[in-house]
Each structure stands twice: as C-alpha cells, then as structure tokens.
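here are the coordinates; sequence isn't available:
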Ligand SMILES: Nc1nc2c(ncn2[C@@H]2O[C@H](COP(=O)(O)OP(=O)(O)OP(=O)(O)O)[C@@H](O)[C@H]2O)c(=O)[nH]1
Ligand SMILES: [Mg+2]
C-alpha cells in the first residue's frame with residue numbers, strides 16, 4: 001500500500017500528496033516520512049500568523065498569485081486549531097483561495113491533528129515535509145494567532161510573517177505575547193485603513209526598544225485585497241531567506257526545528273504511555289510514589305522517593321513488576 005502511494009507521490013500525483021498528508025494527520029505517516037525525508041529541505045517555508053480577520057487568507061492568496069507569476073510552485077497549509085476536525089479547506093479560505101484551486105501547481109490543504117502524536121504542530125510539520133519532498137518551491141503555512149500556535153509556526157517555518165490589524169488596539173497585546181520575538185517580517189495589512197500608519201509607527205517604536213542581534217524584522221504594509229505591497233512583502237521574505245543562508249543561521253534554525261519535532265513525537269508517545277500506566281495504578285498511592293512507579297516502568301530510576309530510600313525503592317520496584 002505504501003509502495004503504491006510512494007510511487008504515485010514520486011511520480012508527482014497530487015492525489016498521492018493529499019493521501020500522504022491524510023495518513024500523517026491520522027498518525028500513520030511514520031513510514032512515509034521516513035521514506036521521503038531525504039527529499040526535504042529544499043522548499044522555502046513561510047509561516048503567516050496574526051489575529052483572526054487580519055487578512056491572512058487574503059494575503060496567502062495574493063502571495064500565491066505573486067509567486068506563481070514568477071513560475072514557482074506552491075503548497076499552502078491552513079492550520080485552524082479551533083476546528084481540529086475540519087477537513088479540506090475551510091469555507092472562507094475556499095472562497096479566498098478559489099482562483100488557485102484550478103492551478104495544478106498550487107496545492108492547498110487545511111490541517112487537523114486527530115491521532116498525530118505531535119498534535120497539530122506535528123501534523124503540520126509532516127505536511128510541510130511532504131509538500132517539500134513533493135517538490136513545491138514554496139510552502140506557506142497560515143495559522144490563526146490564538147495562543148500557542150503562532151509560536152509553534154516559528155518552529156516549523158524558516159521565515160515567519162506576523163500580520164497585524166490596524167485600529168484593533170491589539171498591537172501592543174499581540175506584541176507582548178511573545179510574538180515580537182518570532183516575527184521575521186511584520187505585515188501591516190489593510191493599509192487602506194485610516195489607522196494603518198499609526199500601527200506602523202507603533203511597531204517601529206516597539207522595535208526601537210529592543211536589541212536585535214542578527215536579523216532585524218522587516219516592516220511592510222499591504223492591502224491584500226488589491227494585491228498592493230505584496231512585491232515588497234515578498235522581497236522581505238527573500239531577503240530574510242538570503243540572510244538565513246549567508247549568516248549560517250539556517251542551520252541553527254533547522255536544527256532547532258528538528259529538535260522541536262522530535263521532542264513533540266517522543267513526548268507525545270511518552271504521554272500516552274504514561275496515561276496507560278496511571279490508569280492501572282493502585283488507588284492507595286501518594287502522588288510521589290505513583291510518579292516513581294510510572295518512571296520505574298520506563299526504566300527511569302531515582303525518582304523522588306527512590307533517591308536514598310532503599311525500602312521505598314524496593315517497594316516501588318515490586319509494584320512495577322506486578323504491573
Ligand atoms: N479593507 C481591507 N480589507 C481586507 C484586506 N485584506 C483582507 N481584507 C478583508 O478582511 C476580511 C478577513 O480576511 P481573511 O483573509 O479571511 O482574514 P484571516 O486572517 O484569514 O481570517 P481568519 O482565517 O478567520 O483568522 C475579509 O473580509 C477580507 O476581504 C485589505 O487589505 N483591506
Ligand atoms: Mg484565514
């Protein structure tokens with residue numbers, strides 16, 4: 001089954017790409033990723049995050065049009081953490097991305113996590129790998145900025161765009177929430193909005209208060225609906241990419257992304273197994289002894305009680321053996 005899928009994938013059949021992503025989403029993609037991983041690392045991966053309604057999907061559509069005009073192939077991943085079971089592109093995005101659906105060199109997909117060990121981020125990272133291995137020149141990942149997801153996108157993408165909404169009053173809020181650190185490019189979208197210049201000034205003054213070593217985030221303004229400013233936005237992406245490569249920062253960045261992904265998978269597996277052991281624990285244990293028993297089950301010695309207390313340790317071991 002995998003062999004057929006791999007052959008179709010390697011032959012460039014987009015249905016095979018779609019099937020491969022579905023498999024990864026449902027936690028059955030390990031062998032596929034293993035086979036295709038050597039083909040990854042070539043795509044330019046760009047994350048786009050920002051508050052709901054800022055125009056991420058409209059920007060994505062405009063960027064796709066822009067890079068397609070340059071002859072580049074594109075994969076788009078739309079991550080919606082609020083609807084983990086959504087499948088296929090979301091309705092609004094369907095409309096906004098409609099013009100690209102008929103283009104065979106654009107592959108659009110929305111993500112759900114379902115059974116993936118690494119959660120939504122893990123499934124997304126797999127989808128990025130698959131699109132990369134499939135040969136897409138550019139992979140765009142759109143994710144709503146609600147909590148953890150925007151931070152995680154920076155772990156997956158080489159270049160992170162943070163879109164901000166003029167007049168929303170949330171610029172300070174957004175920038176406080178650790179987003180300033182992840183932005184390689186700030187995008188003030190809806191530049192037709194009367195507060196757009198004000199927001200640009202706010203971002204500039206916030207950046208002046210910080211010390212950047214290496215890359216200083218670019219600040220561009222766009223009007224995604226009209227396609228205005230997309231050239232400058234894409235220039236900033238290309239400059240960041242060039243900086244990553246010239247400075248060698250790309251190696252560190254990819255190393256960190258790899259570590260993050262491995263951690264997600266390993267911890268995901270461990271968490272499940274820990275849950276299984278906890279479910280089987282006796283009712284009369286205190287939490288420290290219980291934690292030691294869990295650890296011992298995985299061969300990890302020296303938990304809280306086990307340290308320096310031979311009798312307790314023996315008791316814990318006996319319990320573990322009995323499990
Ligand atoms: N005035 C103006 N409206 C825009 C611009 N870009 C997008 N919009 C509008 O803003 C609304 C939200 O756009 P989306 O692209 O769906 O925003 P989003 O960030 O993807 O939204 P979510 O996926 O729901 O978080 C739509 O009605 C767009 O037409 C712009 O440059 N100017
Ligand atoms: Mg959207």
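Cool, got the structure. Remember, it's a predicted structure, so these values are computed and weren't measured experimentally. Numbers count the residues shown, from 1 in each chain. Ligands and ions are numbered 1, 2, ... in the order given.

What distance do you get for the residue nearest to the spatial centre of the chain to ligand 1?
For the chain, the residue nearest the mean C-alpha position is residue 153 (3.5 Å; Cα atoms, centre = their mean). To ligand 1, residue 153 is 13 Å away according to Cβ to the nearest ligand atom, to the nearest Å. From N, CA and C alone the C-beta is placed, and that goes for glycine too.

Just to check, that residue is in contact with residue 45?
No. Residue 153 lies out of contact with residue 45 (Cβ atoms under 8 Å); the separation is 9.8 Å.

Report the set of residues contacting both of those two.
Contact criterion Cβ atoms under 8 Å, 6 or more residues apart in numbering; residues shared by residue 153 and residue 45: residue 141.

So what's the residue count around the residue nearest to residue 223 when sequence neighbours are not counted?
Nearest residue to residue 223, sequence neighbours excluded (Cβ to Cβ, 6 or more residues apart in numbering): residue 191, at 4.7 Å. Residues near residue 191, counting by other Cβ atoms under 10 Å, number 19.

contacting residues around residue 191?
166, 221, 222, 223, 228, 229.

secondary structure class for it?
coil (DSSP: H, G, I helix; E, B strand; the rest coil).

Distance of it relative to ligand 2?
As judged by Cβ to the ion, to the nearest Å, residue 191 and ligand 2 stand 18 Å apart.

State the phi and psi torsions of residue 297.
Dihedral angles of residue 297 (phi, psi; degrees, to the nearest 10) stand at phi -60, psi -30.

same check, this time on residue 224
Here residue 224 shows phi and psi, under degrees, to the nearest 10, equal to phi -60, psi -40.

And for it, the neighbour number?
When counting by other Cβ under 10 Å, one arrives at 25 neighbours for residue 224.

ok, residue 158 - contacts?
44, 45, 46, 240, 241, 244, 250, 253, 254.

Could you tell me the per-residue confidence at the second one?
Model confidence at residue 45, given as pLDDT, is 96.

and it, what element?
Element membership for residue 45, per DSSP states H and E: strand 44-50.

Now the helix or strand following that strand: average pLDDT?
Remark: after strand 44-50, the chain's next helix or strand is helix 56-69, criterion DSSP H and E. The average pLDDT for helix 56-69 rounds to 95.

and helix 56-69, which residues are buried?
Buried residues in helix 56-69, defined by neighbour count with 16 or more other Cβ atoms under 10 Å: 56-68.

contacts with ligand 2 among those, please.
Filtering the buried residues of helix 56-69 for proximity to ligand 2 (criterion: Cβ under 5 Å from the ion) leaves 56, 57.

Give me the subset of the buried residues of helix 56-69 that also touch ligand 1.
Restricting those to those within reach of ligand 1 (Cβ under 6 Å from any ligand atom) leaves 56, 57, 58.

What segments of the stretch 101-250 of the chain are helices?
Assigned by DSSP state H, counting those that start in this stretch, the stretch 101-250 of the chain shows helices spanning 119-134, 149-156, 171-174, 180-182, 196-208, 230-247, 249-279.

Highest mean neighbour count out of the ones you listed?
Looking across the helices of the stretch 101-250 of the chain with neighbours counted as mean count of other Cβ atoms under 10 Å, the highest average goes to helix 119-134: a mean of 25.

chain center to it, what's the gap?
In terms of Cα atoms, centre = their mean, to the nearest Å, the centre of helix 119-134 is found 8 Å from the chain centre.

by contact count, what packs against that helix?
On a contact count with 3 or more Cβ pairs under 8 Å, 6 or more residues apart in numbering; DSSP states H and E, helix 119-134 meets helix 14-25, helix 30-36, strand 74-79, strand 106-111, strand 138-144, helix 149-156, helix 249-279.

Could you report the separation of residue 279 from residue 257?
Using Cβ to Cβ, to the nearest Å, we find residue 279 at a distance of 33 Å from residue 257.
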